[in-house]
Structure formats: C-alpha cells, structure tokens
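S.K.: Let me see the structure of the following:
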Amino acid sequence: MKIDKPGKPLPVGSAGESRGRVPAKGQSTPPPSAQPASSTSVSLGSTAAQLSGMESSMLNTTVVDAGKVAEIKQAISDGHFKVNSGVVADQLIKTVRDLIARGK
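M.R.: Below is the predicted model:
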C-alpha cells in the first residue's frame, strides 16, 4: 500500500501557546517582555507517583544472583549440572496458571 500525503498536519502546541513558534510570513512577534506571563502546571496523578516509587525501589534490587550464575556455569563446565525436568515442568505449569488467573 502506498501513502502519498497525510491528511492534515498535526498541531504543534495548544491554541493559546505562542512562545517558541516562528511567526508566519509578514507577521512579527512582540518582544518577550510584551508577551503575557503564563505558567503551566502538570499533575500526573497518584498512579504516576506509585510507578515512580516502584521504579525507585526496583533500582536497588538485583535481578540476577551473580553467585548462583557462577555456580551453574561451573557445574556445566565440569559436566555435573543436571536438569530436573520434573521441577522445570512444575514451575512452567505454575507460571501458566498464574498468568491465566491474572487474565480473569
């Protein structure tokens, strides 16, 4: 499928916003001192605050146990690492059950 041209261009800012725009041909912008002072306030709500808190707590959490990884690497190198297929299957089933329960 070929797309020639988009419909309308997307707006750059809100209707009352004039700072940072290039004036149209033949128009001039007033000096910054003549423009009305405005302030913008943004509130992201409690969910954003919760996510920010979770992110902060996760930064200090190690995801990988480096000691365990080194131990497993050594066991594989030595040929002593054994996979317990029963445990792997049980954990896989548990994970699938948890995912199905969350989806309901």
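
S.K.: Would you map the helices across this protein?
M.R.: 45-59, 66-78, 85-103 (DSSP state H).

S.K.: Out of the ones you listed, the one nearest residue 38 is which?
M.R.: Shortest distance between residue 38 and the helices of the chain, using C-beta to C-beta, is found for helix 45-59: 22.7 Å. Just so you know, the C-beta spots here come from the backbone N, C-alpha and C atoms, and that holds for glycine as well.

S.K.: So which other helices or strands are in contact with the closest one?
M.R.: If you count contacts as 3 or more C-beta pairs under 8 Å, 6 or more residues apart in numbering; DSSP states H and E, helix 45-59 packs onto no helix or strand.

S.K.: where among the helices of the chain is the average confidence lowest?
M.R.: Lowest mean pLDDT within those: helix 45-59, a mean of 85.

S.K.: Only alpha carbons, please: show it as PDB.
M.R.: This file holds the C-alpha atoms of helix 45-59, laid out as PDB (Å, rounded to 0.1, in the frame of the first residue of the first chain):
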ATOM      1  CA  GLY A  45      -2.000  11.700  39.500                       C
ATOM      2  CA  SER A  46      -1.500   9.000  42.100                       C
ATOM      3  CA  THR A  47      -0.700   6.300  39.600                       C
ATOM      4  CA  ALA A  48       2.300   8.100  38.300                       C
ATOM      5  CA  ALA A  49       3.500   8.600  41.900                       C
ATOM      6  CA  GLN A  50       3.100   4.900  42.600                       C
ATOM      7  CA  LEU A  51       5.000   4.000  39.500                       C
ATOM      8  CA  SER A  52       7.800   6.400  40.400                       C
ATOM      9  CA  GLY A  53       8.000   4.800  43.800                       C
ATOM     10  CA  MET A  54       8.100   1.300  42.400                       C
ATOM     11  CA  GLU A  55      10.800   2.400  39.900                       C
ATOM     12  CA  SER A  56      12.900   3.800  42.800                       C
ATOM     13  CA  SER A  57      12.600   0.600  44.800                       C
ATOM     14  CA  MET A  58      13.500  -1.600  41.800                       C
ATOM     15  CA  LEU A  59      16.700   0.300  41.100                       C
END
